[in-house]
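[1] What shape does this take:
(4 chains)
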Protein chains: 2
Amino acid sequence: MGKILVIDDEPQIRRFLRIGLTAKAYDVLEANTGVAGLELSALESPRLVILDLGLPDMDGIEVLKSLREFYHGPVIILSVRNREQEKVAALDAGANDFVVKPFGINELLARIRVLLRAGSDAPSVFAEYDDGVIQLNVLQRKLVVNGRPVHLSRKEFDLLKLLMEYQDRVLTQQQILDRLWGKTHVQDTHYLRILVGKLRAKLGDEASAPRFIETEPGVGYRFLSNRNEP
Amino acid sequence: MGKILVIDDEPQIRRFLRIGLTAKAYDVLEANTGVAGLELSALESPRLVILDLGLPDMDGIEVLKSLREFYHGPVIILSVRNREQEKVAALDAGANDFVVKPFGINELLARIRVLLRAGSDAPSVFAEYDDGVIQLNVLQRKLVVNGRPVHLSRKEFDLLKLLMEYQDRVLTQQQILDRLWGKTHVQDTHYLRILVGKLRAKLGDEASAPRFIETEPGVGYRFLSNRNEP
DNA sequence: TGAATGTGTAAAGAAACCGTAAATTCGGGG
DNA sequence: CCCCGAATTTACGGTTTCTTTACACATTCA
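    Predicted structure coming up:
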(Lines give C-alpha, C1' and ligand atoms only; values in the text may rest on other atoms or scores of the structure.)
Protein backbone atom coordinates (compact mmCIF):
# COMPACT_ATOMS: atom_id res chain seq x y z
CA MET A 1 0.00 0.00 0.00
CA GLY A 2 2.90 2.36 0.56
CA LYS A 3 5.33 3.50 3.18
CA ILE A 4 4.18 5.80 5.97
CA LEU A 5 6.67 7.48 8.27
CA VAL A 6 5.68 8.14 11.88
CA ILE A 7 7.76 10.74 13.72
CA ASP A 8 6.82 10.61 17.41
CA ASP A 9 8.76 10.24 20.64
CA GLU A 10 6.06 8.46 22.65
CA PRO A 11 6.40 4.69 22.27
CA GLN A 12 2.74 4.05 23.07
CA ILE A 13 1.58 6.39 20.31
CA ARG A 14 3.95 4.77 17.83
CA ARG A 15 2.67 1.37 18.86
CA PHE A 16 -0.94 2.52 18.51
CA LEU A 17 -0.24 3.83 15.02
CA ARG A 18 1.88 0.87 13.99
CA ILE A 19 -0.89 -1.54 14.82
CA GLY A 20 -3.57 0.49 13.11
CA LEU A 21 -1.54 1.15 10.00
CA THR A 22 -0.06 -2.30 9.48
CA ALA A 23 -3.57 -3.72 9.84
CA LYS A 24 -4.42 -1.76 6.71
CA ALA A 25 -1.30 -3.09 4.96
CA TYR A 26 0.73 0.09 5.13
CA ASP A 27 4.47 -0.25 5.66
CA VAL A 28 5.35 1.72 8.77
CA LEU A 29 8.64 3.50 9.31
CA GLU A 30 9.33 5.01 12.71
CA ALA A 31 11.49 7.80 14.06
CA ASN A 32 11.55 9.12 17.60
CA THR A 33 13.30 12.43 17.03
CA GLY A 34 13.02 15.24 14.51
CA VAL A 35 16.51 14.68 13.17
CA ALA A 36 15.94 10.97 12.68
CA GLY A 37 12.62 11.73 11.02
CA LEU A 38 14.17 14.11 8.54
CA GLU A 39 16.89 11.63 7.69
CA LEU A 40 14.42 8.83 7.15
CA SER A 41 12.19 10.97 4.94
CA ALA A 42 15.06 11.85 2.65
CA LEU A 43 16.27 8.27 2.58
CA GLU A 44 13.03 6.37 2.17
CA SER A 45 10.70 8.73 0.29
CA PRO A 46 7.62 7.72 2.25
CA ARG A 47 4.21 8.11 0.68
CA LEU A 48 3.00 10.12 3.70
CA VAL A 49 4.43 11.49 6.93
CA ILE A 50 2.75 11.67 10.34
CA LEU A 51 4.55 14.20 12.54
CA ASP A 52 4.02 14.84 16.24
CA LEU A 53 4.66 18.45 17.16
CA GLY A 54 5.95 17.66 20.64
CA LEU A 55 9.35 16.22 19.90
CA PRO A 56 12.21 16.35 22.38
CA ASP A 57 15.02 17.52 20.11
CA MET A 58 13.44 20.13 17.83
CA ASP A 59 10.44 22.41 17.65
CA GLY A 60 7.74 20.68 15.64
CA ILE A 61 7.12 23.56 13.25
CA GLU A 62 10.84 23.69 12.53
CA VAL A 63 10.85 20.01 11.68
CA LEU A 64 7.95 20.61 9.34
CA LYS A 65 9.66 23.52 7.63
CA SER A 66 12.87 21.55 7.20
CA LEU A 67 10.89 18.62 5.88
CA ARG A 68 9.19 20.83 3.31
CA GLU A 69 12.57 21.87 1.94
CA PHE A 70 12.74 18.59 0.11
CA TYR A 71 9.61 16.54 0.87
CA HIS A 72 6.47 17.29 -1.11
CA GLY A 73 4.19 14.42 -0.11
CA PRO A 74 1.31 14.78 2.36
CA VAL A 75 2.04 15.53 6.03
CA ILE A 76 -0.38 15.02 8.92
CA ILE A 77 0.39 16.83 12.17
CA LEU A 78 -0.43 15.36 15.56
CA SER A 79 -0.61 17.47 18.70
CA VAL A 80 -1.96 17.29 22.21
CA ARG A 81 -2.64 20.98 22.17
CA ASN A 82 -5.80 22.33 20.63
CA ARG A 83 -4.76 25.97 20.21
CA GLU A 84 -6.05 27.53 17.00
CA GLN A 85 -2.87 29.57 16.65
CA GLU A 86 -0.79 26.42 16.53
CA LYS A 87 -3.03 24.79 13.94
CA VAL A 88 -2.88 27.78 11.65
CA ALA A 89 0.91 27.99 11.95
CA ALA A 90 1.33 24.31 11.11
CA LEU A 91 -1.11 24.34 8.20
CA ASP A 92 0.47 27.45 6.73
CA ALA A 93 3.93 25.96 7.17
CA GLY A 94 2.97 23.21 4.76
CA ALA A 95 1.00 20.61 6.72
CA ASN A 96 -1.93 19.01 4.96
CA ASP A 97 -3.95 18.10 8.04
CA PHE A 98 -3.90 18.61 11.79
CA VAL A 99 -5.27 16.03 14.23
CA VAL A 100 -5.62 16.68 17.94
CA LYS A 101 -4.81 13.92 20.42
CA PRO A 102 -6.55 11.89 21.58
CA PHE A 103 -7.99 10.72 18.27
CA GLY A 104 -9.65 7.62 16.90
CA ILE A 105 -7.59 5.43 14.62
CA ASN A 106 -10.44 5.19 12.13
CA GLU A 107 -10.61 8.93 11.70
CA LEU A 108 -6.89 9.09 11.15
CA LEU A 109 -7.04 6.27 8.62
CA ALA A 110 -9.83 8.05 6.78
CA ARG A 111 -7.81 11.27 6.67
CA ILE A 112 -4.86 9.29 5.35
CA ARG A 113 -7.05 7.85 2.62
CA VAL A 114 -8.16 11.36 1.67
CA LEU A 115 -4.59 12.55 1.28
CA LEU A 116 -3.38 9.49 -0.59
CA ARG A 117 -6.42 9.64 -2.83
CA ALA A 118 -5.52 13.16 -3.87
CA GLY A 119 -1.83 12.34 -4.12
CA SER A 120 0.15 13.52 -7.07
CA ASP A 121 2.30 11.25 -9.15
CA ALA A 122 5.32 13.52 -8.94
CA PRO A 123 8.30 12.29 -6.97
CA SER A 124 7.75 13.29 -3.36
CA VAL A 125 11.37 13.84 -2.44
CA PHE A 126 13.79 16.31 -3.98
CA ALA A 127 16.89 16.06 -1.80
CA GLU A 128 19.70 16.35 -4.30
CA TYR A 129 20.51 16.92 -7.92
CA ASP A 130 23.52 15.50 -9.73
CA ASP A 131 24.42 15.20 -13.39
CA GLY A 132 28.15 14.88 -13.86
CA VAL A 133 28.58 18.65 -14.09
CA ILE A 134 26.52 20.20 -11.35
CA GLN A 135 25.59 18.88 -7.93
CA LEU A 136 23.14 20.40 -5.48
CA ASN A 137 22.57 19.16 -1.95
CA VAL A 138 19.27 20.52 -0.68
CA LEU A 139 19.72 19.51 2.95
CA GLN A 140 23.15 21.10 3.32
CA ARG A 141 22.31 23.89 0.88
CA LYS A 142 25.57 23.31 -0.94
CA LEU A 143 26.43 23.51 -4.60
CA VAL A 144 29.34 22.00 -6.51
CA VAL A 145 30.05 22.86 -10.14
CA ASN A 146 32.76 20.99 -12.03
CA GLY A 147 34.15 19.74 -8.75
CA ARG A 148 34.42 23.22 -7.27
CA PRO A 149 32.23 24.26 -4.33
CA VAL A 150 30.27 27.43 -5.07
CA HIS A 151 28.75 29.56 -2.36
CA LEU A 152 25.21 30.76 -2.97
CA SER A 153 23.19 33.32 -1.07
CA ARG A 154 19.82 32.31 0.34
CA LYS A 155 17.73 33.56 -2.56
CA GLU A 156 20.18 32.33 -5.16
CA PHE A 157 19.97 28.89 -3.65
CA ASP A 158 16.19 28.91 -3.45
CA LEU A 159 15.93 29.96 -7.06
CA LEU A 160 18.31 27.30 -8.30
CA LYS A 161 16.58 24.64 -6.26
CA LEU A 162 13.19 25.63 -7.61
CA LEU A 163 14.38 25.57 -11.20
CA MET A 164 16.13 22.24 -10.76
CA GLU A 165 13.11 20.71 -9.11
CA TYR A 166 11.08 21.45 -12.22
CA GLN A 167 13.92 20.76 -14.66
CA ASP A 168 13.16 21.39 -18.32
CA ARG A 169 9.84 22.92 -17.40
CA VAL A 170 9.38 26.64 -17.77
CA LEU A 171 8.56 28.38 -14.51
CA THR A 172 6.84 31.68 -15.10
CA GLN A 173 8.23 34.82 -13.55
CA GLN A 174 5.08 35.03 -11.46
CA GLN A 175 5.49 31.52 -10.11
CA ILE A 176 9.08 32.21 -9.15
CA LEU A 177 8.41 35.61 -7.64
CA ASP A 178 5.50 34.23 -5.64
CA ARG A 179 7.63 31.47 -4.24
CA LEU A 180 10.71 33.56 -3.43
CA TRP A 181 9.28 36.95 -2.52
CA GLY A 182 5.60 36.28 -1.85
CA LYS A 183 2.47 37.31 -3.71
CA THR A 184 3.05 41.00 -3.02
CA HIS A 185 6.00 41.12 -5.38
CA VAL A 186 4.76 39.09 -8.36
CA GLN A 187 5.24 42.11 -10.59
CA ASP A 188 8.75 43.04 -9.55
CA THR A 189 10.29 41.07 -12.37
CA HIS A 190 13.41 43.13 -12.14
CA TYR A 191 14.51 41.49 -8.88
CA LEU A 192 14.36 38.23 -10.71
CA ARG A 193 16.50 39.28 -13.65
CA ILE A 194 19.23 40.45 -11.33
CA LEU A 195 19.10 37.29 -9.28
CA VAL A 196 19.26 35.13 -12.39
CA GLY A 197 22.22 37.17 -13.55
CA LYS A 198 24.11 36.61 -10.33
CA LEU A 199 23.28 32.94 -10.34
CA ARG A 200 24.45 32.55 -13.92
CA ALA A 201 27.70 34.29 -13.07
CA LYS A 202 28.33 31.87 -10.21
CA LEU A 203 27.47 28.87 -12.36
CA GLY A 204 29.80 30.04 -15.10
CA ASP A 205 26.84 30.38 -17.40
CA GLU A 206 26.17 33.08 -19.95
CA ALA A 207 22.80 34.37 -21.01
CA SER A 208 23.53 34.40 -24.73
CA ALA A 209 24.50 30.72 -24.82
CA PRO A 210 23.00 29.16 -21.73
CA ARG A 211 24.10 25.74 -20.50
CA PHE A 212 22.12 25.81 -17.25
CA ILE A 213 19.45 28.46 -17.11
CA GLU A 214 17.57 29.37 -20.22
CA THR A 215 15.40 32.45 -20.67
CA GLU A 216 11.98 32.16 -22.22
CA PRO A 217 11.31 35.80 -23.14
CA GLY A 218 8.11 37.20 -21.73
CA VAL A 219 7.42 34.00 -19.82
CA GLY A 220 10.08 32.81 -17.40
CA TYR A 221 13.08 30.54 -17.03
CA ARG A 222 13.92 26.87 -17.31
CA PHE A 223 16.76 24.73 -16.01
CA LEU A 224 18.34 22.57 -18.68
CA SER A 225 18.99 18.96 -17.81
CA ASN A 226 20.43 17.78 -21.10
CA ARG A 227 23.82 19.31 -21.55
CA ASN A 228 25.62 18.27 -24.71
CA GLU A 229 29.04 19.80 -24.57
CA PRO A 230 32.74 18.99 -24.10
CA MET B 1 -9.47 35.19 -4.90
CA GLY B 2 -12.11 32.74 -6.00
CA LYS B 3 -15.69 31.73 -5.35
CA ILE B 4 -16.56 29.69 -2.26
CA LEU B 5 -19.97 28.12 -1.82
CA VAL B 6 -21.43 27.79 1.69
CA ILE B 7 -24.26 25.28 2.08
CA ASP B 8 -25.76 25.72 5.53
CA ASP B 9 -29.27 26.28 6.86
CA GLU B 10 -28.32 28.29 9.95
CA PRO B 11 -28.25 32.01 9.12
CA GLN B 12 -25.84 32.82 11.93
CA ILE B 13 -23.28 30.31 10.66
CA ARG B 14 -23.61 31.63 7.13
CA ARG B 15 -23.13 35.15 8.44
CA PHE B 16 -20.09 34.08 10.45
CA LEU B 17 -18.53 32.48 7.39
CA ARG B 18 -19.52 35.27 5.03
CA ILE B 19 -17.78 37.85 7.20
CA GLY B 20 -14.64 35.79 7.65
CA LEU B 21 -14.38 34.80 4.00
CA THR B 22 -15.14 38.13 2.41
CA ALA B 23 -12.55 39.69 4.71
CA LYS B 24 -10.00 37.51 2.92
CA ALA B 25 -11.35 38.62 -0.47
CA TYR B 26 -13.14 35.39 -1.32
CA ASP B 27 -16.43 35.68 -3.19
CA VAL B 28 -19.07 33.94 -1.10
CA LEU B 29 -22.07 32.12 -2.53
CA GLU B 30 -24.73 30.85 -0.14
CA ALA B 31 -27.35 28.12 -0.16
CA ASN B 32 -29.61 27.08 2.71
CA THR B 33 -30.72 23.68 1.44
CA GLY B 34 -29.05 20.69 -0.14
CA VAL B 35 -30.97 21.05 -3.37
CA ALA B 36 -30.12 24.73 -3.69
CA GLY B 37 -26.49 23.94 -2.92
CA LEU B 38 -26.25 21.32 -5.65
CA GLU B 39 -27.83 23.68 -8.15
CA LEU B 40 -25.47 26.48 -7.29
CA SER B 41 -22.41 24.24 -7.52
CA ALA B 42 -23.35 23.12 -10.97
CA LEU B 43 -24.16 26.64 -12.05
CA GLU B 44 -21.26 28.57 -10.58
CA SER B 45 -18.37 26.09 -10.42
CA PRO B 46 -17.04 27.40 -7.12
CA ARG B 47 -13.40 27.00 -6.24
CA LEU B 48 -14.34 25.25 -2.98
CA VAL B 49 -17.50 24.09 -1.18
CA ILE B 50 -18.26 24.23 2.55
CA LEU B 51 -21.08 21.84 3.39
CA ASP B 52 -22.96 21.49 6.67
CA LEU B 53 -24.13 17.95 7.32
CA GLY B 54 -27.26 19.00 9.19
CA LEU B 55 -29.48 20.26 6.39
CA PRO B 56 -33.28 20.23 6.62
CA ASP B 57 -34.13 18.79 3.21
CA MET B 58 -31.56 16.07 2.56
CA ASP B 59 -29.11 13.89 4.45
CA GLY B 60 -25.71 15.55 4.38
CA ILE B 61 -23.84 12.50 3.12
CA GLU B 62 -26.33 12.19 0.28
CA VAL B 63 -25.72 15.80 -0.70
CA LEU B 64 -22.00 15.10 -0.72
CA LYS B 65 -22.37 12.00 -2.89
CA SER B 66 -24.57 13.84 -5.36
CA LEU B 67 -22.15 16.71 -5.41
CA ARG B 68 -19.28 14.39 -6.23
CA GLU B 69 -21.11 13.12 -9.28
CA PHE B 70 -20.09 16.28 -11.07
CA TYR B 71 -18.01 18.47 -8.76
CA HIS B 72 -14.34 17.62 -8.31
CA GLY B 73 -13.09 20.62 -6.35
CA PRO B 74 -12.32 20.54 -2.62
CA VAL B 75 -15.17 20.07 -0.10
CA ILE B 76 -15.01 20.87 3.60
CA ILE B 77 -17.65 19.32 5.84
CA LEU B 78 -19.04 21.07 8.92
CA SER B 79 -20.86 19.21 11.66
CA VAL B 80 -21.98 19.73 15.24
CA ARG B 81 -21.49 16.07 15.95
CA ASN B 82 -18.10 14.69 16.78
CA ARG B 83 -18.76 11.00 16.13
CA GLU B 84 -15.86 9.21 14.52
CA GLN B 85 -18.21 7.08 12.47
CA GLU B 86 -19.68 10.14 10.83
CA LYS B 87 -16.28 11.63 10.02
CA VAL B 88 -15.10 8.45 8.38
CA ALA B 89 -18.26 8.18 6.32
CA ALA B 90 -17.97 11.75 5.09
CA LEU B 91 -14.28 11.57 4.28
CA ASP B 92 -14.72 8.30 2.42
CA ALA B 93 -17.67 9.74 0.53
CA GLY B 94 -15.35 12.29 -1.01
CA ALA B 95 -14.93 15.10 1.50
CA ASN B 96 -11.47 16.63 1.76
CA ASP B 97 -11.73 17.82 5.34
CA PHE B 98 -14.07 17.62 8.31
CA VAL B 99 -14.40 20.43 10.85
CA VAL B 100 -16.41 20.09 14.06
CA LYS B 101 -18.49 23.00 15.30
CA PRO B 102 -17.77 25.20 17.09
CA PHE B 103 -14.58 26.11 15.27
CA GLY B 104 -12.36 29.15 14.95
CA ILE B 105 -12.53 31.08 11.72
CA ASN B 106 -8.76 31.20 11.47
CA GLU B 107 -8.45 27.45 11.55
CA LEU B 108 -11.06 27.13 8.84
CA LEU B 109 -9.33 29.74 6.72
CA ALA B 110 -6.04 27.90 7.13
CA ARG B 111 -7.65 24.63 6.06
CA ILE B 112 -9.12 26.39 3.04
CA ARG B 113 -5.68 27.67 2.12
CA VAL B 114 -4.30 24.13 2.36
CA LEU B 115 -6.90 22.80 -0.04
CA LEU B 116 -6.60 25.64 -2.53
CA ARG B 117 -2.83 25.40 -2.38
CA ALA B 118 -2.94 21.69 -3.21
CA GLY B 119 -5.22 22.19 -6.18
CA SER B 120 -3.25 25.07 -7.65
CA ASP B 121 -0.76 22.98 -9.59
CA ALA B 122 -3.34 20.52 -10.83
CA PRO B 123 -2.51 18.94 -14.16
CA SER B 124 -3.52 21.18 -17.01
CA VAL B 125 -6.37 19.98 -19.21
CA PHE B 126 -4.17 20.12 -22.25
CA ALA B 127 -0.56 19.19 -21.51
CA GLU B 128 0.80 17.61 -24.65
CA TYR B 129 0.24 17.10 -28.34
CA ASP B 130 2.00 14.53 -30.47
CA ASP B 131 1.30 13.00 -33.86
CA GLY B 132 4.39 11.64 -35.56
CA VAL B 133 5.17 14.95 -37.26
CA ILE B 134 4.66 17.66 -34.70
CA GLN B 135 5.07 17.58 -30.94
CA LEU B 136 4.17 20.28 -28.44
CA ASN B 137 4.99 20.10 -24.76
CA VAL B 138 3.03 22.72 -22.89
CA LEU B 139 4.85 22.51 -19.56
CA GLN B 140 8.26 22.77 -21.20
CA ARG B 141 7.00 25.19 -23.83
CA LYS B 142 8.84 23.26 -26.47
CA LEU B 143 7.88 22.49 -30.02
CA VAL B 144 9.46 19.86 -32.26
CA VAL B 145 8.64 19.59 -35.96
CA ASN B 146 10.04 16.69 -37.94
CA GLY B 147 12.57 16.09 -35.21
CA ARG B 148 13.81 19.69 -35.22
CA PRO B 149 13.21 21.94 -32.22
CA VAL B 150 11.53 25.20 -33.15
CA HIS B 151 11.41 28.19 -30.87
CA LEU B 152 8.17 30.08 -30.55
CA SER B 153 7.53 33.49 -29.09
CA ARG B 154 4.91 33.90 -26.38
CA LYS B 155 1.98 34.77 -28.63
CA GLU B 156 2.98 32.23 -31.26
CA PHE B 157 3.02 29.56 -28.60
CA ASP B 158 -0.31 30.60 -27.14
CA LEU B 159 -1.92 30.58 -30.56
CA LEU B 160 -0.60 27.17 -31.50
CA LYS B 161 -1.61 25.72 -28.15
CA LEU B 162 -5.10 27.12 -28.55
CA LEU B 163 -5.50 25.75 -32.07
CA MET B 164 -4.19 22.34 -31.05
CA GLU B 165 -6.47 22.26 -28.06
CA TYR B 166 -9.43 22.50 -30.42
CA GLN B 167 -7.90 20.42 -33.20
CA ASP B 168 -9.99 20.05 -36.37
CA ARG B 169 -12.52 22.50 -35.01
CA VAL B 170 -12.69 26.01 -36.36
CA LEU B 171 -11.89 28.78 -33.94
CA THR B 172 -13.32 32.11 -35.00
CA GLN B 173 -11.06 35.11 -35.26
CA GLN B 174 -13.01 36.68 -32.43
CA GLN B 175 -12.49 33.70 -30.13
CA ILE B 176 -8.77 33.72 -30.80
CA LEU B 177 -8.38 37.47 -30.48
CA ASP B 178 -10.32 37.46 -27.23
CA ARG B 179 -8.14 34.76 -25.79
CA LEU B 180 -4.78 36.19 -26.89
CA TRP B 181 -5.32 39.94 -26.78
CA GLY B 182 -8.46 40.34 -24.67
CA LYS B 183 -11.91 41.58 -25.51
CA THR B 184 -10.68 45.06 -26.38
CA HIS B 185 -8.98 43.81 -29.53
CA VAL B 186 -11.55 41.40 -30.98
CA GLN B 187 -11.71 43.47 -34.15
CA ASP B 188 -8.01 43.80 -34.83
CA THR B 189 -7.91 40.89 -37.20
CA HIS B 190 -4.70 42.17 -38.79
CA TYR B 191 -2.72 41.13 -35.71
CA LEU B 192 -3.99 37.64 -36.12
CA ARG B 193 -3.17 37.24 -39.79
CA ILE B 194 0.38 38.34 -39.18
CA LEU B 195 0.77 36.00 -36.24
CA VAL B 196 -0.63 33.07 -38.21
CA GLY B 197 1.80 33.91 -40.98
CA LYS B 198 4.78 33.83 -38.66
CA LEU B 199 3.62 30.62 -37.09
CA ARG B 200 3.15 28.98 -40.47
CA ALA B 201 6.64 30.07 -41.48
CA LYS B 202 8.12 28.45 -38.38
CA LEU B 203 6.12 25.27 -38.90
CA GLY B 204 7.22 25.07 -42.53
CA ASP B 205 3.62 25.46 -43.62
CA GLU B 206 2.24 27.45 -46.51
CA ALA B 207 -1.09 29.15 -46.69
CA SER B 208 -1.96 27.96 -50.19
CA ALA B 209 -1.54 24.28 -49.34
CA PRO B 210 -1.80 24.05 -45.57
CA ARG B 211 -0.67 20.94 -43.72
CA PHE B 212 -1.06 22.34 -40.21
CA ILE B 213 -3.12 25.50 -40.07
CA GLU B 214 -6.03 25.88 -42.42
CA THR B 215 -7.84 29.13 -43.12
CA GLU B 216 -11.61 29.16 -43.04
CA PRO B 217 -12.25 32.36 -44.99
CA GLY B 218 -14.46 34.84 -43.23
CA VAL B 219 -14.56 32.70 -40.10
CA GLY B 220 -11.26 31.73 -38.58
CA TYR B 221 -8.61 29.01 -38.47
CA ARG B 222 -8.35 25.33 -37.68
CA PHE B 223 -5.50 23.00 -36.80
CA LEU B 224 -5.42 19.85 -38.91
CA SER B 225 -4.73 16.59 -37.11
CA ASN B 226 -5.02 14.16 -40.00
CA ARG B 227 -2.10 14.65 -42.31
CA ASN B 228 -1.90 12.44 -45.39
CA GLU B 229 1.34 13.23 -47.14
CA PRO B 230 4.69 11.77 -48.16
C1' DT C 1 -15.61 44.59 -65.13
C1' DG C 2 -14.51 46.95 -61.04
C1' DA C 3 -15.19 48.21 -56.32
C1' DA C 4 -15.24 46.00 -51.84
C1' DT C 5 -13.78 42.87 -48.76
C1' DG C 6 -10.76 39.38 -46.99
C1' DT C 7 -6.20 37.36 -46.97
C1' DG C 8 -1.06 36.90 -47.02
C1' DT C 9 3.77 38.73 -46.97
C1' DA C 10 7.32 42.18 -46.06
C1' DA C 11 9.47 45.69 -43.64
C1' DA C 12 9.76 49.64 -40.64
C1' DG C 13 8.83 51.70 -36.21
C1' DA C 14 7.49 51.36 -31.29
C1' DA C 15 7.27 49.08 -27.15
C1' DA C 16 8.41 45.71 -24.01
C1' DC C 17 11.78 42.91 -22.28
C1' DC C 18 16.37 41.37 -20.88
C1' DG C 19 21.09 41.68 -18.88
C1' DT C 20 24.81 43.99 -16.61
C1' DA C 21 27.03 47.36 -13.74
C1' DA C 22 27.10 50.15 -9.98
C1' DA C 23 25.19 52.65 -6.09
C1' DT C 24 22.43 52.39 -1.95
C1' DT C 25 20.02 50.30 1.81
C1' DC C 26 19.27 46.46 4.93
C1' DG C 27 20.31 43.15 8.49
C1' DG C 28 22.85 39.79 11.18
C1' DG C 29 27.30 38.67 13.61
C1' DG C 30 31.19 40.04 15.86
C1' DC D 1 28.51 50.18 17.14
C1' DC D 2 30.72 48.74 13.12
C1' DC D 3 31.41 45.69 9.35
C1' DC D 4 30.34 42.74 5.55
C1' DG D 5 27.60 40.17 2.65
C1' DA D 6 23.08 40.22 0.90
C1' DA D 7 19.17 42.47 -0.89
C1' DT D 8 17.20 46.23 -3.14
C1' DT D 9 17.22 50.21 -5.99
C1' DT D 10 18.83 52.97 -9.88
C1' DA D 11 20.63 53.53 -14.48
C1' DC D 12 21.42 52.34 -19.17
C1' DG D 13 22.49 49.73 -23.58
C1' DG D 14 21.07 46.04 -26.50
C1' DT D 15 17.78 42.75 -28.19
C1' DT D 16 13.48 40.43 -29.08
C1' DT D 17 8.84 40.83 -29.72
C1' DC D 18 4.84 43.24 -30.89
C1' DT D 19 2.47 46.67 -33.48
C1' DT D 20 1.90 49.52 -37.29
C1' DT D 21 2.16 50.56 -42.09
C1' DA D 22 2.28 49.32 -46.86
C1' DC D 23 1.10 46.69 -50.75
C1' DA D 24 -0.02 42.56 -53.76
C1' DC D 25 -3.31 39.08 -54.63
C1' DA D 26 -7.61 36.48 -54.48
C1' DT D 27 -12.66 36.13 -54.13
C1' DT D 28 -17.24 37.92 -54.03
C1' DC D 29 -20.85 40.44 -55.69
C1' DA D 30 -22.98 44.48 -57.79
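
[2] The helix or strand hosting residue A:190 packs against which elements?
    For residue A:190, the host element (DSSP states H and E) is helix A:189-203. Packing partners of helix A:189-203 (3 or more CB pairs under 8 Å, 6 or more residues apart in numbering or on different chains; DSSP states H and E): helix A:154-165, helix A:173-181, strand A:213-216. Where C-beta positions appear, they are placed from N, C-alpha and C, glycine not excepted.

[3] Adding mean neighbour count, write the ones you listed out as JSON lines.
    Formatted as JSON lines, the helices and strands packed on helix A:189-203 follow (neighbours: other CB atoms under 10 Å in any protein chain shown):
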{"stretch": "helix A:154-165", "mean neighbour count": "19"}
{"stretch": "helix A:173-181", "mean neighbour count": "17"}
{"stretch": "strand A:213-216", "mean neighbour count": "18"}
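
[4] So out of everything in chain A, what residue is nearest DNA strand D?
    Residue of chain A nearest DNA strand D, by CB to the nearest atom of the strand: residue A:153 (3.1 Å).

[5] Quick check: nearest residue in space to that residue, chain neighbours excluded?
    residue A:198 (7.9 Å; CB to CB, 6 or more residues apart in numbering or on different chains).

[6] Am I right that that neighbour is in contact with residue A:156?
    Yes: using CB atoms under 8 Å, residue A:198 is in contact with residue A:156, at 6.1 Å.

[7] Quick one: distance of stretch A:56-63 to the chain centre.
    Offset of stretch A:56-63 from its chain centre (CA atoms, centre = their mean, to the nearest Å): 16 Å.

[8] end-to-end on it?
    With CA to CA, to the nearest Å as the measure, the ends of stretch A:56-63 fall 11 Å from one another.

[9] on that earlier part again, any idea which of the helices and strands packed on helix A:189-203 gets closest to residue B:23?
    Across these, residue B:23 has its closest neighbour in helix A:173-181 (21.7 Å, CB to CB).

[10] pLDDT averaged over the closest one, what's the number?
    This predicted structure assigns helix A:173-181 an average pLDDT of 93.

[11] quick one: contacts of that helix?
    A:155, A:158-159, A:162, A:185-189, A:191-192, A:195, A:219-221 (CB atoms under 8 Å, 6 or more residues apart in numbering or on different chains).

[12] Any of these buried? List them.
    Using 16 or more other CB atoms under 10 Å in any protein chain shown as the burial test, the contacts of helix A:173-181 include A:158, A:159, A:162, A:186, A:192, A:195, A:219, A:220, A:221 as buried.

[13] where does chain A come near DNA strand D, residue by residue?
    A:151, A:153, A:154, A:155, A:156, A:181, A:188, A:190, A:191, A:194, A:217, A:218 (CB under 7 Å from any atom of the strand).

[14] If we use 10 Å, what do you get?
    By the rule CB under 10 Å from any atom of the strand, the part of chain A lying against DNA strand D is A:151-159, A:180-182, A:185, A:188, A:190-195, A:197-199, A:202, A:207-208, A:215-219.

[15] from these, which are also near DNA strand C?
    Within the residues of chain A next to DNA strand D, those near DNA strand C by CB under 10 Å from any atom of the strand are A:190-195, A:197-199, A:207-208, A:215-219.

[16] Now do the residue nearest to residue A:123 when sequence neighbours are not counted, the pLDDT please.
    Nearest residue to residue A:123 in three dimensions, chain neighbours excluded: residue A:45, at 7.4 Å (CB to CB, 6+ apart). We note a pLDDT of 94 for residue A:45 in this prediction.

[17] I figured residue A:45 hits residue A:70, correct?
    No: judged on CB under 8 Å, residue A:45 makes no contact with residue A:70 at a distance of 10.0 Å.

[18] what touches both of these two?
    residue A:125.

[19] Neighbour count: the two, which is higher?
    When residue A:45 and residue A:70 are compared for neighbours, residue A:70 comes out ahead with 20 against 16, by other CB atoms under 10 Å in any protein chain shown.

[20] Assess the claim that the more buried one and residue A:125 are in contact.
    Yes: contact criterion CB under 8 Å: residue A:70 and residue A:125 qualify, at 5.9 Å.

[21] burial count for residue A:94?
    18.

[22] nearest spatial neighbour of it, skipping sequence neighbours?
    Closest to residue A:94 by CB to CB, 6+ apart is residue A:68, at 4.1 Å.

[23] What's the separation between residue A:10 and residue A:176?
    41 Å (CB to CB, to the nearest Å).

[24] my guess is residue A:72 meets residue A:119, correct?
    No: counting by CB under 8 Å, residue A:72 does not reach residue A:119; the two are 10.3 Å apart.

[25] could you give me the average pLDDT of stretch A:68-79?
    Stretch A:68-79 comes out at a mean pLDDT of 95.

[26] For it, buried residues please.
    In stretch A:68-79, the ones that count as buried by 16+ other CB under 10 Å are A:69, A:70, A:71, A:72, A:73, A:74, A:75, A:76, A:77, A:78, A:79.

[27] Same question for stretch A:3-12.
    For stretch A:3-12, by 16+ other CB under 10 Å, it's A:3, A:4, A:5, A:6, A:7, A:8, A:9.

[28] just these now: which is nearest residue A:21?
    residue A:4 (5.8 Å).

[29] Quick check: pLDDT value at that closest one.
    So, for residue A:4, pLDDT stands at 97.

[30] could you pull out the helices for chain A?
    A:11-23, A:34-44, A:60-70, A:84-92, A:105-117, A:154-165, A:173-181, A:189-203 (DSSP state H).

[31] how about the ones you listed in TSV, adding distance to residue B:139?
    Listed next are the helices of chain A as TSV, based on distance: least, CB to CB, whole Å:
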stretch	distance to residue B:139
helix A:11-23	35
helix A:34-44	26
helix A:60-70	21
helix A:84-92	27
helix A:105-117	24
helix A:154-165	13
helix A:173-181	12
helix A:189-203	20
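
[32] which one of these lies closest to residue B:138?
    helix A:173-181 (14.4 Å).

[33] and the angle from that closest one to helix B:105-120?
    If you take axes from the mean of the first three to the mean of the last three CA atoms, to 10 degrees, helix A:173-181 sits at 140 degrees to helix B:105-120.
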